[in-house]
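[1] how would this look folded up:
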Amino acid sequence: MRIYRIMFYIVVILAILWTCHVGMAEIFGDYVGYTACGDCHDDVVDGWEKTGHAKAFENLAKQGPEKQSIPECVRCHVVAYEKDGGFIDMELTPELKGVQCESCHGPGRAHVESDGDASKIVGRPGEDLCRACHTEGQDKDFNYEKKKALVHGAP
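    Okay, here's the model as predicted:
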């Protein structure tokens, strides 16, 4: 009888793990979140965690909690808002809050699954990408040349 109980618990645990894995794949799609990047780029992720980009979603709330529900605001403070596999809301996709690696470098699943093939990720995003959020109206003193050196944390 005891062996059946143990087998039952093993089956339950495997079912839970399988469900979690499938759920994450459906939520993320091609976006894997910064923790996946940290597997190979831990120094970059450590630096990024100290930047305003990492806290962008929380900083949005400091301007007023309603800001976190305005699509035009949320778009620049999370990963891939309104894109397939991107941030939906804090209940469903909290792992994609903040301006993470994939906000600038594009979806990372293909890069991760190819063991880091550089052709599967945007290596050096340009100023135009930054200017999509750092507009004259939102960030009038934005200096791309100065800021690009700080995006992964202070040198």
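[2] use CA for all of it now, contacts and neighbours both
    OK.
[3] where along the chain do the helices fall?
    2-28, 34-38, 42-48, 56-62, 71-74, 101-105, 109-113, 127-131, 144-147 (DSSP state H).
[4] weakest of the ones you listed by average pLDDT?
    Lowest mean pLDDT within the helices of the chain: helix 2-28, at a mean of 62.
[5] how many neighbours does Ala132 have?
    10 (other CA atoms under 10 Å).
[6] and it, its phi and psi?
    phi -60, psi -30 (degrees, to the nearest 10).
[7] tell me the spacing between it and Gly126.
    Using CA to CA, to the nearest Å, one gets 11 Å for the distance from Ala132 to Gly126.
[8] test my guess that Ala80 contacts Glu95.
    No. Between Ala80 and Glu95 no contact is recorded; they are 11.8 Å apart, counting by CA atoms under 8 Å.
[9] who's more crowded, these two?
    Using other CA under 10 Å as the criterion, Ala80 and Glu95 rank with Ala80 on top: 24 against 20.
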